[in-house]
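A.B. asks: Build the 3D model from these lines:
(one chain, ligands or ions: 1)
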Amino acid sequence: MVLKRPSATKTKDWKNVPYARGKNATPGRGLRREQAKWKRTVPELLAASDVEIVNILREDKLLVDWTGATCPICGRGTLGELVARPHKGNRLLHRCDAKCCQRYVSPVYLNPIFSEHSRAESLQKQAVLLRAKLAGTPHANAHVMFGVNHKAVERIWSNVEQARRMYVEDVEPTIEYSGSKVWADVEADEATFDKLDMTDGPEPLGDPTHPVMWEQWLGIVQRGRPRTLTLTRLCPEMAEKRAPGPGAVRKVEWKPLAERWLEDRDVVFHTDSARSYKLRVPGVIHDFVVHQKKYKKVGGKRVLIPPRYVELQTHVLPSGKHLKVKSGTQIIDRAWRFIKDRLHRSATAKAGTKLLATKIRSAQYDYWHKDDGMWAETGEMVQHIMRDVLVA
Ligand SMILES: [Zn+2]
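C.D. replies: The predicted structure follows:
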């Protein structure tokens, strides 16, 4: 019989083998709210004058400084200083110096988060809403707390999510696993978010015997480096009405992903026991755990082998050296939990919609930066998105 070993008597080996190895590997530790350093407070943002709020947001990189930049409207002239324009209701605007253009450009022009139109809230209030969004306030609460129109709240919430999606899709391809001399531990697993029955609704589509479409994603992450979480939307086969789930990733979908992310990266690759992951890939040692209970015959008796979520394994590296690792998919399992907790799925975020993908990408961004100050990170994100628009 296999007994669970009390933690106090874990073997010496167990204690000596770290869960995450490799350069920059830090044990995961969520950001505790009271430790989050918020550079700006709500009273400070609300009390700022029109000039001050622009300066604050420029300093925090949430607005770009258009002074001296090429005019984004004509592409020829240069924009002047930000000046209050009496004949434009005293709004602060840059002006293009090209003779044929002479247009005014607002500091908020093309900004991915803030907007300006006749009914937009003041920049101060929009900044407060952003601050609330980044602190994790649900948007129904923000509407009540700050007494702003719920459309304005929704706009900021949705702008932040769209911007994150853009950013994540731009940055994700630059992620590299391992890359140090130590073999790194990388985990992968799939998650299912929603399903759609194509025969529901006024115009049934597709094959009536297999009408169910799944929203399934595959996640890969290196232990100890949350910023390496990459997500790929899978296209599982259409399923029967009563199918319990889409099943594991198929080999045809896994192969290109394995080659893209893992080939020759020198990684110990941890998964559950799904067959597709057994694919041989150069530079990858596969390590898997069995999540189901299994029965085995020992001396004619049926014996229960309990599921093993974490255990020590020894692998032989191509160099002939032996490497002890901890098996298991704790990190990617927790990443999926983290993302699902943040989805707050609305009725419209259904399988196959862009909205659901946007929400998943936005939660992926949250996971990348779960240990960072979100206000400062959002500034970096805005600068990244605006870098192509802002030409000197
Ligand atoms: Zn111009």
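
A.B. asks: Residue in the stretch 251-392 of the chain with the shortest distance to the ion?
C.D. replies: Going by CB to the ion, the ion is nearest to V391 of the stretch 251-392 of the chain, at 12.1 Å. (C-beta placed from N, C-alpha, C; glycine too.)

A.B. asks: Can you tell me the SS state at that residue?
C.D. replies: Taken by DSSP: H, G, I helix; E, B strand; the rest coil, the conformation at V391 corresponds to coil.

A.B. asks: Mind pulling up the pLDDT for it?
C.D. replies: The score at V391 is 75. That number is its pLDDT.

A.B. asks: V64 versus that one, what's the distance?
C.D. replies: Here V391 is placed at a distance of 11 Å from V64 (CB to CB, to the nearest Å).

A.B. asks: same thing with K296?
C.D. replies: For K296, the distance to V64 equals 64 Å [CB to CB].

A.B. asks: higher neighbour count, those two?
C.D. replies: Neighbour count, other CB atoms under 10 Å: between K296 and V64, V64 has more, with 21 against 9.

A.B. asks: What strands line up against the least confident helix or strand in the chain by mean pLDDT, and which way round?
C.D. replies: Lowest by mean pLDDT, DSSP states H and E among the helices and strands of the chain is strand 294-298, with a mean of 72. Applying DSSP bridges, strand 294-298 is found paired with strand 301-305 (antiparallel).

A.B. asks: picking that back up, ok, and the closest non-adjacent residue to the residue of the stretch 251-392 of the chain closest to the ion?
C.D. replies: Leaving aside its sequence neighbours, V391 sits nearest to T70 (CB to CB, 6 or more residues apart in numbering; 4.4 Å).

A.B. asks: That neighbour contacts R76, correct?
C.D. replies: Yes. With contact defined as CB atoms under 8 Å, T70 reaches R76; the gap is 7.4 Å.

A.B. asks: which residues do these two both contact?
C.D. replies: Here T70 and R76 share no contacting residue, scored by CB atoms under 8 Å, 6 or more residues apart in numbering.

A.B. asks: Looking at these two, which is more packed in?
C.D. replies: Legend: neighbour count by other CB under 10 Å for T70 and R76, higher for T70 (18 against 13).

A.B. asks: for that one, which residues make a bridge with it?
C.D. replies: T78.

A.B. asks: contacting residues around it?
C.D. replies: Per CB under 8 Å, 6+ apart, neighbours of T70: 76-79, 391-392.

A.B. asks: next one: M238
C.D. replies: Here M238 is in contact with 198, 206-207, 210-213 (criterion: CB under 8 Å, 6+ apart).

A.B. asks: rerun that using 6 Å as the cut-off
C.D. replies: H210 (CB atoms under 6 Å, 6 or more residues apart in numbering).

A.B. asks: One more: R91?
C.D. replies: Shown in contact with R91 (CB under 6 Å, 6+ apart): R85.

A.B. asks: one more time with 10 Å, if that's ok
C.D. replies: 50, 83-85, 104, 106-107, 116 (CB atoms under 10 Å, 6 or more residues apart in numbering).

A.B. asks: No further questions, thank you.
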